[in-house]
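> Generate a structure from the sequence data that follows.
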Amino acid sequence: MSSRNLKEGPSCRFFGITLIVPSLNVARLLRSAKGLELRVTEHEPAPRVRVRPHANAKAVAVKFTPLQGQYLAFIDAYSTLNGVAPAERDLERYFRVTPPTIHQMILTLARDGHISRVPGHARSIRLVVPREELPRLEPVSK
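Reported below is the predicted structural model:
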């Protein structure tokens, strides 16, 4: 399938998969993704973006804050026990925080490369961090 058969708009190619993005600004935003090397080329009808794992992506040590570690540990434990990823509401109930707090943490974890997710799709959170690197899940005291 050529890019001309795709709906109009910039497209991004992730590991051999072409994605349509809403604007060139989104394509530029992808350029800032950690652990990825990006090449944008101008073609008709829209710019194309080529994404490859950065050469040093795996060499970077897993770094997250203690609170981020607890969120990651909860995601792992919930997924293991229930067979599906937690919804943001499940995280809210466990950590006893507001929906915006949970959502910002999910965005931060995704931006930093600790999880992957599909925006707009329920229960699409997947851990990227190896289980061995996760801390023990501690009970929340409030």
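
> List the buried residues of the helix or strand where L72 lies.
Taking DSSP states H and E as the criterion, L72 maps to helix 66-82. Residues of helix 66-82 classed as buried under the neighbour-count rule (16 or more other CB atoms under 10 Å) are 68-76, 78-79. Just so you know, the C-beta spots here come from the backbone N, C-alpha and C atoms, and that holds for glycine as well.

> just stretch 114-121 next, same as before
Using 16+ other CB under 10 Å as the test for burial, stretch 114-121 gives 114-115.

> if we can go back for a sec, please work out which residues outside the helix holding L72 touch it.
Here helix 66-82 makes contact (CB atoms under 8 Å, 6 or more residues apart in numbering) with 64, 85-86, 90-91, 94-95, 105, 108-109, 112, 114-115, 125, 127, 129, 131, 134-138.

> Only the buried residues of the helix or strand just after that helix, if you could.
The element immediately downstream of helix 66-82 (helix or strand, assigned by DSSP H and E) is helix 88-95. For helix 88-95, a neighbour-count test (16+ other CB under 10 Å) marks 88, 90-92, 94-95 as buried.

> Let me know the angle separating the helix or strand following helix 88-95 from helix 66-82.
Of the helices and strands lying after helix 88-95 in sequence (DSSP H and E), the nearest is helix 99-111. If you take axes from the mean of the first three to the mean of the last three CA atoms, to 10 degrees, helix 99-111 sits at 90 degrees to helix 66-82.

> Export the buried residues of helix 88-95 as a markdown table, with columns for distance to T101.
Converted to a markdown table, the buried residues of helix 88-95 look like this (distance: CB to CB, whole Å):
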| residue | distance to T101 |
| --- | --- |
| E88 | 10 |
| D90 | 14 |
| L91 | 9 |
| E92 | 8 |
| Y94 | 12 |
| F95 | 8 |
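
> Show me which of those is closest to H121.
Within the buried residues of helix 88-95, proximity to H121 (CB to CB) peaks at E88, which comes in at 12.1 Å.

> circling back to that earlier point, now the buried members of the contacts of helix 66-82.
64, 85-86, 90-91, 94-95, 105, 109, 112, 114-115, 125, 127, 129, 134, 137.

> List the contacts of stretch 130-142.
Against stretch 130-142 from outside (CB under 8 Å, 6+ apart): 62, 66, 69-70, 72-74, 76-77, 94-96, 127.
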